[in-house]
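>>> Kindly return the folded structure for what I paste below:
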Amino acid sequence: MTAAVQEATAVTPPPNPAPLAHGAPSPHLRLLAGIGMMLALFLGFGVYTARQMRQLRGYQRQVLERGHRDTLELLRIQEDAYELTLSVENMIGRQPQVPILVWQADFLRLRRDLDQALAREQRLAPPGRGRPENAQMARSLRQFWNISDQAFALARSGYESQAADLVNRELAPQGMYIHNLITSWLARNSRREQRTEAAMQAIYGGVMRNILWLTGLLLALAGGIAVWVLRANRASFAHAQALTQALDRRSHDLAAANRRLLEVQETTLRQVARDLHDELGQLLTALGTMLARLQQHLPAASGEAVAQVREARGVAQEAQQKLRGLAQMLRPPALDDFGLEQTLREQVRKFELRTGIAARMEVRGVLPLLPPQTAIHLYRIAQEALTNVARHAGAHQVELLLAAGGQTLRLRIADDGAGMPAEAGRGLGLSGMRERAEMLGGRFHFNPGPGAAVEVEIPL
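Predicted structure coming up:
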């Protein structure tokens, strides 16, 4: 028997799938490194873009807006200077001649306006204009106002012709000089704004080029990561498929070993039961016969010896009965002689007598003649199910149904107990019942809750 069991359990282990190369970096680490590179590129480009945008905002706020406001002030100054030039021309060129003092009010108004505009323009002047240019403008204006004051003073003193000569000779050229100086400032501001706009366009162009470069680099990096991920996934899938195939082979081998083990077990139990019944049973029968003869030949006066022989005969008969019960438990002879139905009925009757649990059996349909292997497996399933009911269910009633219909045979054992505990459900009994059902090509179902039920359905 030991050799048969060893032969049944000897399963050739499947070849191990090829492991990953030793020392190779983990796929997860490489993927994280690629993602880290992409994040670093995004972060670096974000910082770069933020700095460029800040520089552009600086240009716009500090140069363009300030230059635009400075240009507006210069235009106002230019307009005032132009009005001064027109006033000077009118002072000396209008016919009939108008007294010069008439223009003094306009000069005072334009002077106040120019002073205010120049003060604002000095605050808005770009850094490129130095102090010498501002000082030159201030000197030119002071000289202009001094000359105009002298002309108005001469006119008030009655020297109208001398005042007109002073305006024509010195004030008109000075006003034109101031006008030309402001015009040069406006031209310089215009060129500065053009350079600023060109610089901003260059920054925008650089940012766009860098965005395109970064987009291309990210696409290339993402494509490389995608290719690597596909290759890594393919390798992982191949490894997983190899593991699955190995597990399938191991599962098939284990299932074959379990079937072989159950077959060896049933063969061994049948052999042991036959040996117990044929050899030990015959020995016990012979021993009882010998004790009976010995009892007959003992003198009637030897009462104590007769009692001992009678007791020995009782022990032999009891041993013979227990031996017969053990042989029936290992391999019930009724299964081979009367079939599965009568064997299960006898099993249910003995279960009720032994446990005190009300048990009944119902048969539906006409049971066909079952092969010995099918009958013994169904009998073992019913035997294990009834044992579980007696041990764990706490039931008062159990029902066994054996139904044949169409091309299937159904065996169902149900009770009215509280159900099977979780630790009992993890035992070997349920797995053995499931394996026996699968060996017969059927299905096994177990409901562990209150009113537990074991159901097996096999094809005929």
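
>>> tally of neighbours for Ala199?
Ala199 has 14 neighbours, counted by other Cβ atoms under 10 Å. Where you see a C-beta, it was placed from the backbone N, CA and C, and this is true even at glycine.

>>> Secondary structure element holding it?
helix 172-275 (DSSP states H and E).

>>> quick one: average confidence on that helix?
The pLDDT scores in helix 172-275 average 78.

>>> for stretch 38-49, same thing?
The model assigns stretch 38-49 a mean pLDDT of 76.

>>> Check which element follows the helix holding Ala199 along the chain.
Counting by DSSP H and E, what follows helix 172-275 is helix 281-297.

>>> what helices or strands is that next one leaning on?
helix 303-330 (3 or more Cβ pairs under 8 Å, 6 or more residues apart in numbering; DSSP states H and E).

>>> Ramachandran angles for Thr85?
phi -60, psi -40 (degrees, to the nearest 10).

>>> how close does it get to Asp253?
113 Å (Cβ to Cβ, to the nearest Å).

>>> With Ala164 instead?
129 Å.

>>> repeat for Arg436
18 Å.

>>> do the same with Leu243
Following Cβ to Cβ, the distance that separates Leu243 from Asp253 is 15 Å.

>>> ok, back up a step: quick one: which of Arg436 and Asp253 has more around it?
Arg436 (25 against 15).

>>> In space, what's closest to the more buried one - neighbours in sequence excluded?
His377 (4.3 Å; Cβ to Cβ, 6 or more residues apart in numbering).

>>> And the one you found, its phi and psi?
Torsion angles, degrees, to the nearest 10, at His377: phi -70, psi -40.

>>> That one reaches Leu440, doesn't it?
Yes - the criterion here is Cβ atoms under 8 Å, and His377 meets it with Leu440 at 5.8 Å.

>>> Compare those two (neighbour count), which wins?
His377 (24 against 21).

>>> Can you report phi and psi for Gly405?
phi -160, psi 130.

>>> Taking helix 172-275 as reference, get the angle to the helix or strand in which Glu435 is found.
Element membership for Glu435, per DSSP H and E: helix 428-439. Using axes from the mean of the first three to the mean of the last three Cα atoms, to 10 degrees, the direction of helix 428-439 lies 90 degrees away from that of helix 172-275.

>>> which is the next helix or strand following helix 428-439?
strand 443-447.

>>> What strands line up against the next helix or strand after that following strand, and which way round?
Sequence order places strand 453-459 as the next helix or strand after strand 443-447, per DSSP H and E. In the sheet, strand 453-459 lines up against strand 408-415 (antiparallel), strand 443-447 (antiparallel) (DSSP bridges).

>>> Could you say which of those strands is packed most deeply?
Highest mean neighbour count among those (mean count of other Cβ atoms under 10 Å): strand 408-415, with a mean of 21.

>>> Please work out the average pLDDT along that strand.
Averaged over strand 408-415, pLDDT sits at 91.

>>> next one: stretch 108-127
Taken as a whole, stretch 108-127 has a mean pLDDT of 80.

>>> So which other helices or strands are in contact with the helix or strand containing Ala135?
In this structure, Ala135 sits in helix 131-156 according to DSSP H and E. In terms of contacts (3+ Cβ pairs under 8 Å, 6+ apart), helix 131-156 is packed against helix 104-124, helix 160-166, helix 172-275.
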